[in-house]
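>>> need a 3D model of the sequence below.
(one chain, ligands or ions: 4)
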Amino acid sequence: MAVITQPTFCRFCHANCAMLADVEGDRVTAVRGDPDDALYKGYTCIKGRQLADAHNHETRLRHHMKRGDGGLAPVAPGAAFDDIAARLQAIVAQHGPHSVAVYSGTYAFQNSAAMFTAHAFAKGIGSRNYFTSVTLDQPAKVYTTLRMGHWGGGPNPFSGADALLVVGNNAIISHYGPVGGVSPFSPSRTLQDARARGLKLVVIDPRQTEVARQADVHLAVKPGEDVTLLAAIINIILSEGRFDQAFCQRHVDGLDELRAAVAGITPEIAAARAGVSADGIISAARIFADAKRGIASSGTGPEMSGDGTLIEYLLASLNIICGRFVRDGEPASPPRVFTAQTPRHAGVNAPMKLWGEGFPASRFRGLTQLGEEMPCNVLADEILTPGDGQIKALIVVGGNPVVAFPNQDKVVAAMQALDLLVCIDIRESETARHADYVLAPAMCLERDDITNLSEWWHETPYARYTRALLPPPGDTIDEWEMFWEIARRMNVPLRFAGGEAALDVRPTKTQILDLITHGCLVPPSQVRADTPDGRAIVYADKAPMVTPPPADAAEARFTLTPDAVIADLTARLAVAPDPGLEFRLSSRRTKHVFNSSGHQYAALQKKGTTNYAHMNPDDMARLGIADEATIVITARAGQVYGVAKASPDVRPGVISMAHAFGDFDTGLAGVRAHGNSTNRLVDETSGYDPITGQSRQSAIPVRVELVAAAVAAE
Ligand SMILES: Nc1nc2c(c(=O)[nH]1)N[C@H]1C(S)=C(S)[C@@H](COP(=O)(O)OP(=O)(O)OC[C@H]3O[C@@H](n4cnc5c(=O)[nH]c(N)nc54)[C@H](O)[C@@H]3O)O[C@H]1N2
Ligand SMILES: Nc1nc2c(c(=O)[nH]1)N[C@H]1C(S)=C(S)[C@@H](COP(=O)(O)OP(=O)(O)OC[C@H]3O[C@@H](n4cnc5c(=O)[nH]c(N)nc54)[C@H](O)[C@@H]3O)O[C@H]1N2
Ligand code: SF4
Ligand SMILES: [Mo]
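Ligands and ions are numbered 1, 2, ... in the order given. Next up is the predicted model:
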């Protein structure tokens, strides 16, 4: 059969690398990087190169499944949607709208319409219980920094940066980072090029990561001690007068309070607590402050250490006191093509508080919605605890709570306690094992998509509208259509920025995307028309060239003292490090899998099937642990097994381990073939971030023993 090669982009992860796909009839047979794409230049990673295998894989669901006495079995689409809609309607009638919850996991963020439709569905029902993986990820930088104000013109872009300060973010493996941080597009090459033009790099990470290997200064911080370290860096910059005094005078309030709060944190005190050298801290502070451009930013590691809000506050403060923003008259930050446009002026937009009083509240831990989502921290308790507002039904789209949420046993109990659990997943995931229905979605090459979820990283007005290259197999349909099928049966409105979706006639995906992106620079339908070949387009002529001055003479100012942050910081700095258990288990990513996705593909399995417990060889020698030995890791909240891996890049006292491996009952028997879930070590009821509810998923105090020794001691 003839092979037709078509351009598209990868949606295995958020980097959206430009690809060429070979299609034979109804099958994709191979994919590779598109060398003609000016931005990606043919780059792909090993995960993306499995797209053909993924689409054709034997574990892939091609029909919706319903649980009966014999387990999951195929069910006709009409019957599935009728029954789900009827059961949801009965649950809402009996228990009220909050009894239905929706969770958008990582794959809802790889489909340009899924997350928005899932959210519209929850809102249409009137439920406060809409959850996303953001509150398991980096919620503090999304929600708690806005209370300091934000700069209309945006942060300094990566391309013009002289210095970056990177805290717990390894974009070379994760292809993920904040705007202005290490670019997620062909990250290793981009970073090398930036270093060649003079970029200075400071990395704060308990591991010498792939990014840290290129650093001028690497501070191998003890996990969980970033607050002290960042406070010391700010103290040095302020006391040595290396900050942007003119910028602060014009735009910033609260500098004296911040100065006072960090004044006692000398390089020596921070060095002792964080386990790094005082000289290293001083160099890091001077490199960052003496540069003209470039930002301080973090990834998941620090956000998960229990101090997310304080760490993001300190990083935002560093950028504010050093004025790391696009200024009046400088080249403007590019407009995002598919995002509603906001003025990109050189001025401060007023602080915003997106949680607390006035926001729908959870029944637990004083937590409330952040923006329009409830923190994942409370999902299990909201399901398991009877009373007004108890969650009875959950729809999971592209997520896997059983391996991704804190406190695994409780999450499993919660999934089992639901009256109705619907998973939208390409396979029988660890969570789908407990589902009443598993709905089978079309995969990425079988659907239209736009680059709305990756465009915030682009430094040009880059846009892509890719067409479905293959027909969806079996009964599979796009994820947004599943919500539409249920919504129309329940008569639940699906409201988007551009208005309500029709429920009587099925909209096209282009129509849905136009509704979702209403107010954007160029509507998806127009980008589609402009790019009949399905390749990228850069709307350079639609971009403003320079950043205008602030729109309003009485512009807002940044505040370095929102709410009680100074008191919280002072209290945190006064606390000596947790003397508790000897090791700290820190989170990391694995190159060849994406959380719990990819473990089923042969080429990726060859790279390893367990989530190795990476340890410093000196620690292993001291404890008599050989490379590849099985160990037991015990935290206050629980226990897991791991396979020890000698890794000199990990600082002593640290176990560096990926999450989303194994299942709840994998245990010792399956540790080599599947790994164990580190979320068995995480307790969501203590040590969580008080605003975002983010649990301590990294920097977890643990004890480590050889399995043989542990068994003998019992
Ligand atoms: N201890 C600890 N816990 C963590 C983290 C950590 O570092 N440490 N990291 C946290 C972070 S950052 C995140 S984002 C969360 C992730 O949390 P989740 O998003 O809940 O978990 P994933 O494993 O990414 O789940 C993705 C699911 O989507 C399915 N899938 C794959 N392709 C498709 C598709 O095309 N369509 C659909 N519908 N489904 C598909 C996969 O089979 C899988 O079941 O975990 C968090 N949990
Ligand atoms: N290959 C691959 N890519 C992925 C994923 C994957 O599973 N595999 N997951 C995706 C997801 S969901 C996300 S959110 C992004 C995350 O993207 P990143 O945030 O870049 O994730 P990591 O690569 O784990 O980098 C986090 C770093 O934090 C460090 N760290 C851990 N604890 C601490 C601490 O207490 N302090 C400091 N300073 N550092 C600490 C770890 O050593 C690690 O190097 O990656 C995405 N990309
Ligand atoms: S980095 Fe890899 S998985 Fe992510 S979009 Fe690119 S090729 Fe796909
Ligand atoms: Mo994430």
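
>>> count of neighbours near the closest residue to G275 other than its chain neighbours?
In space, and not counting its chain neighbours, G275 is closest to K222: 4.3 Å by CB to CB, 6 or more residues apart in numbering. Where C-beta positions appear, they are placed from N, C-alpha and C, glycine not excepted. Taking other CB atoms under 10 Å as the neighbour definition, K222 ends up with a count of 21.

>>> ok, K222 to ligand 3 distance?
30 Å (CB to the nearest ligand atom, to the nearest Å).

>>> that residue falls within a helix, correct?
No. K222 is assigned coil when assessed by DSSP: H, G, I helix; E, B strand; the rest coil, not a helix.

>>> quick one: residues contacting it.
P206, R273, A274, G275, P577, R584, R651, G653, V654 (CB atoms under 8 Å, 6 or more residues apart in numbering).

>>> in the stretch 51-200 of the chain, where is pLDDT below threshold?
Counting by pLDDT under 70, the stretch 51-200 of the chain contains no low-confidence range.

>>> whoops, the chain was the one
For the chain (pLDDT under 70), the answer is 553-554, 577-579, 709-714.

>>> how much space between the residue nearest to G275 and D425?
Separation of K222 from D425 (CB to CB, to the nearest Å) stands at 38 Å.

>>> returning to what we had before: so which of the contacts of K222 comes closest to ligand 3?
P206 (24.2 Å; CB to the nearest ligand atom).

>>> okay, now that closest one: neighbour count?
Counted with other CB under 10 Å, P206 comes out at 33.

>>> isn't it up against V650?
Yes. When contacts are counted by CB atoms under 8 Å, P206 is listed as touching V650 (6.8 Å).

>>> shared neighbours of the two, which are they?
Joint contacts of P206 and V650 (CB under 8 Å, 6+ apart) are S656.

>>> which parts of the stretch 451-600 of the chain are strands?
Assigned by DSSP state E, counting those that start in this stretch, the strands in the stretch 451-600 of the chain fall at 462-463, 465-466, 495-496, 499-500, 537-538, 558-559, 583-588.

>>> go through these and name the closest to ligand 2.
strand 583-588 (3.6 Å).

>>> packing partners of that closest one?
Identification of packing neighbours for strand 583-588 by 3 or more CB pairs under 8 Å, 6 or more residues apart in numbering; DSSP states H and E yields helix 300-302, strand 630-635, strand 654-658, strand 700-706.

>>> can you show me the CA trace of the helix or strand just after the shortest one as PDB?
Tracing the chain past helix 300-302, the next element assigned as helix or strand by DSSP states H and E is helix 308-321. What follows is helix 308-321, C-alpha atoms only, in PDB (Å, rounded to 0.1, in the frame of the first residue of the first chain):
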ATOM      1  CA  GLY A 308       5.900  25.800  47.400                       C
ATOM      2  CA  THR A 309       4.200  29.100  48.100                       C
ATOM      3  CA  LEU A 310       7.200  30.500  50.000                       C
ATOM      4  CA  ILE A 311       9.700  29.300  47.400                       C
ATOM      5  CA  GLU A 312       7.600  30.900  44.600                       C
ATOM      6  CA  TYR A 313       7.300  34.100  46.600                       C
ATOM      7  CA  LEU A 314      11.100  34.300  47.000                       C
ATOM      8  CA  LEU A 315      11.700  33.500  43.300                       C
ATOM      9  CA  ALA A 316       9.200  36.100  42.300                       C
ATOM     10  CA  SER A 317      10.800  38.600  44.700                       C
ATOM     11  CA  LEU A 318      14.200  37.900  43.100                       C
ATOM     12  CA  ASN A 319      12.900  38.700  39.700                       C
ATOM     13  CA  ILE A 320      11.000  41.800  41.000                       C
ATOM     14  CA  ILE A 321      14.000  43.300  42.900                       C
END
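
>>> and helix 308-321, how far from the chain's centre?
Offset of helix 308-321 from its chain centre (CA atoms, centre = their mean, to the nearest Å): 19 Å.

>>> which SS class is R87?
Relying on three-state DSSP, one would call R87 helix.

>>> tell me if I'm right that P701 and I633 touch.
No. Using CB under 8 Å, P701 makes no contact with I633, being 10.9 Å away.

>>> overlap in contacts of those two?
With CB under 8 Å, 6+ apart, P701 and I633 have common neighbours F583.

>>> just give the closest residue to whichever residue of the stretch 501-650 of the chain sits closest to ligand 3, not the sequence neighbours.
In the stretch 501-650 of the chain, the residue that lies nearest ligand 3 is F594 (6.7 Å; CB to the nearest ligand atom). Spatial nearest neighbour of F594, chain neighbours left out: C13 (5.4 Å); criterion: CB to CB, 6+ apart.

>>> check contacts around the one you found.
By CB under 8 Å, 6+ apart, the neighbours of C13 are C45, K47, G48, Q110, H175, Y176, F594.

>>> need phi/psi at the residue nearest to V23 when sequence neighbours are not counted.
Excluding the flanking residues, the one nearest V23 by CB to CB, 6+ apart is I4, at 5.0 Å. I4 has phi and psi values of phi -110, psi 130 when expressed as degrees, to the nearest 10.

>>> tell me the contacts of I4?
D22, V23, E24.

>>> if we can go back for a sec, out of the contacts of C13, which is most surrounded?
Neighbour max across those (other CB under 10 Å) = H175, 26 neighbours.

>>> was I right about that one contacting N16?
No. Taking contacts as CB under 8 Å, H175 lies outside contact range of N16: 9.5 Å.

>>> common neighbours of these two, please.
Counting by CB under 8 Å, 6+ apart, nothing touches both H175 and N16.

>>> re earlier: host element of the residue nearest to F594?
Using DSSP H and E, no helix or strand contains C13.

>>> what's the closest non-adjacent residue to the one residue in the chain that gets nearest to ligand 3?
Of all residues in the chain, the one sitting closest to ligand 3 is G48 (2.2 Å; CB to the nearest ligand atom). Spatially, and ignoring its direct neighbours in sequence, G48 is nearest to C10 (4.1 Å; CB to CB, 6+ apart).

>>> just give me the neighbour total for the one you found.
There are 26 residues near C10, going by other CB under 10 Å.

>>> list the contacts for P473?
D26, R62, E446.

>>> how about stretch 145-157: buried residues?
Buried residues in stretch 145-157, counted by 16 or more other CB atoms under 10 Å: 145-157.

>>> D226 versus the residue nearest to G264 when sequence neighbours are not counted, what's the distance?
The shortest distance from G264 to any non-neighbouring residue, by CB to CB, 6+ apart, is to L573 (7.4 Å). Going from L573 to D226 by CB to CB gives 12 Å.

>>> neighbour-wise, which of the two wins?
D226 (29 against 19).

>>> what is the burial count for T466?
28.

>>> quick check: it touching C10?
No. T466 lies out of contact with C10 (CB under 8 Å); the separation is 10.0 Å.

>>> please name the nearest non-neighbouring residue to the residue nearest to the spatial centre of the chain.
The centroid of the chain falls nearest to D137 when counting by CA atoms, centre = their mean (4.5 Å). Leaving aside its chain neighbours, D137 sits nearest to T300 (6.2 Å; criterion: CB to CB, 6+ apart).

>>> mind listing what the one you found touches?
D137, Q138, G168, N169, S174, S587, S698.

>>> what of S186?
Y40, K41, Y43.

>>> do R588 as well
N170, R207, G301, H614, S656, M657, A658.

>>> could you redo the last one with a cut-off of 6 Å?
S656, A658 (CB atoms under 6 Å, 6 or more residues apart in numbering).
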